[in-house]
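*Asks:* can't give you the sequence, but here's the structure:
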C-alpha cells in the first residue's frame, strides 16, 4: 500500500514522502479500512514540528481520522461487515491507503455523506461533543466563549452550544473569519487581532462572568480567560496552538509560563476551575466515551442539527500544501485529503 510518511520534522514542503508501506492486519477487535480520505488536525501540525510527544517515532504515519470502506474485520467484530462505508478514529496510521481502527470507534455512514463531513464528525465533532455535552454539560442561557471559533472544533462547539441555547462568544483572527462566525450563528464574534477578547466580553456582560470557555490556544489565553469565569465557571484547555509560533526552547518555556500558576484553593474559594483535555488519552482509557460521542454526532448530523463545514479538499499529492494551509490559520472548518 501507499502511505504518506513523516520523514523529518520541519516545514511541510520537506517533511513528507509518499512511499510503499506494509498493509496493517486487524486484531480481533479491529477492522481494516480501505481509505477514501483522511482529515487534518492541528495535532498533525504539532507532530510534524516535533512538538507532539504522543506521536510515533520517525518515520511515522500520522492521521487520526479516516473515511472509507471496510475491507477486513477481526474475529471478534460483530456489528460491522466488509463493504460498510464508515468514518473512524485511527490514533495514527490514517495517512495511508489502508488503516486499522478499533471497532468501537468505527461508525457506518450513508453513501451520501461527503468525505470531508465524515472525517469532521470523527475527530472535531466528537471532540466538541465530549467537551460540550460530557465535560461542560452546557445548559440553556450559559454564557460560552469559544476560542478559534472558525476552526473545525470551534465550528462544532458553536453549533452544539447554539443547539443548547447558549449565548456564544467566539474569537477569530480576520475579517473573513468574522463573517464566517456570523454565518455560523455566533452572537458575539471577536477579532482578537484588533480587539482584546477580555474587554469585548466584559463590555457585553458587565459584571457577569462566563460559564464555560473552550481554549485550544493556551498560554496567556488561558490566564486571561480564567479571570472571565463566573462562579461555577470552567475553562477547558484542549490544545496549545500558540506553542507552534515559537521555535526555541525558551519560547516554549515562555508559553508554558504564560498559562499562569494555580492552586486548588483558588478553585475552591472562587468556585471555578480549569480542566485539561487530551482526546487521545480519553480514547485510550475510555473508548466507550468517544464511541457514544461519535454515535451522537452522526445522528445529530443526519437530523440536520449539526452542519460540518469543509474548508478545503486536497489530493494526497498536495499534502504539504494542505498542512501549510492549516498551519497558516487561514483555514475555516475541516481540511480533508483524498487518495
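*Replies:* Yep, it's here. None of these values were measured; they are calculated from a predicted model. Residues are numbered from 1 along each chain as shown.
*Asks:* Model confidence for residue 250, exactly?
*Replies:* Looking at residue 250, its pLDDT reads 54.
*Asks:* packing partners for the top helix by length along the chain?
*Replies:* Looking across the chain with DSSP state H, the single longest helix is helix 287-302. Helix 287-302 sits against strand 85-89, strand 106-108, helix 126-129, helix 279-285, with contacts defined as 3 or more CB pairs under 8 Å, 6 or more residues apart in numbering; DSSP states H and E. (Glycine included, C-beta is placed from N, CA and C.)
*Asks:* mind listing what residue 159 touches?
*Replies:* In this structure, residue 159 makes contact with 184-185, 305-307, judged by CB atoms under 8 Å, 6 or more residues apart in numbering.
*Asks:* go again using 7 Å as the cut-off
*Replies:* 184, 306-307 (CB atoms under 7 Å, 6 or more residues apart in numbering).
*Asks:* Surely residue 123 and residue 42 touch.
*Replies:* No - using CB atoms under 7 Å, residue 123 makes no contact with residue 42, being 10.3 Å away.
*Asks:* thinking again about what came up before, mind putting the contacts of residue 159 into JSON lines with distance to residue 117?
*Replies:* Formatted as JSON lines, the contacts of residue 159 follow (distance: CB to CB, whole Å):
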{"residue": "184", "distance to residue 117": "15"}
{"residue": "306", "distance to residue 117": "9"}
{"residue": "307", "distance to residue 117": "9"}
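*Asks:* Can you turn the buried part of the residues you listed into a ChimeraX selection?
*Replies:* A single ChimeraX command selects the buried members of the contacts of residue 159 (16 or more other CB atoms under 10 Å):
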select :184,306
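*Asks:* With secondary structure, distance to residue 66 and pLDDT added, can I get the contacts of residue 159 in TSV?
*Replies:* Supplementary listing: the contacts of residue 159 in TSV, determined by DSSP: H, G, I helix; E, B strand; the rest coil; distance: CB to CB, whole Å; pLDDT from 0 to 100:
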residue	secondary structure	distance to residue 66	pLDDT
184	coil	26	95
306	coil	20	94
307	coil	21	92
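*Asks:* for the contacts of residue 159, which one is nearest residue 138?
*Replies:* residue 306 (14.6 Å; CB to CB).
*Asks:* which one is that closest one nearest to, not counting chain neighbours?
*Replies:* Using CB to CB, 6 or more residues apart in numbering and skipping residues adjacent in sequence, the residue nearest residue 306 is residue 300, 4.6 Å away.
*Asks:* Touching, that neighbour and residue 307? I think so.
*Replies:* No - contact criterion CB under 7 Å: residue 300 and residue 307 do not qualify, at 9.8 Å.
*Asks:* Where does pLDDT dip in this structure?
*Replies:* 240-258, 260 (pLDDT under 70).
*Asks:* middle-most residue in it, spatially?
*Replies:* residue 124 (4.0 Å; CA atoms, centre = their mean).
*Asks:* Tell me both backbone torsions, phi and psi, for that one.
*Replies:* With angles defined as degrees, to the nearest 10, residue 124 sits at phi -60, psi -50.
*Asks:* tilt between the top strand by length along the chain and strand 85-89?
*Replies:* Longest strand in the chain by number of residues, with DSSP state E as the criterion: strand 30-40. Counting by axes from the mean of the first three to the mean of the last three CA atoms, to 10 degrees, strand 30-40 lies at 80 degrees to strand 85-89.
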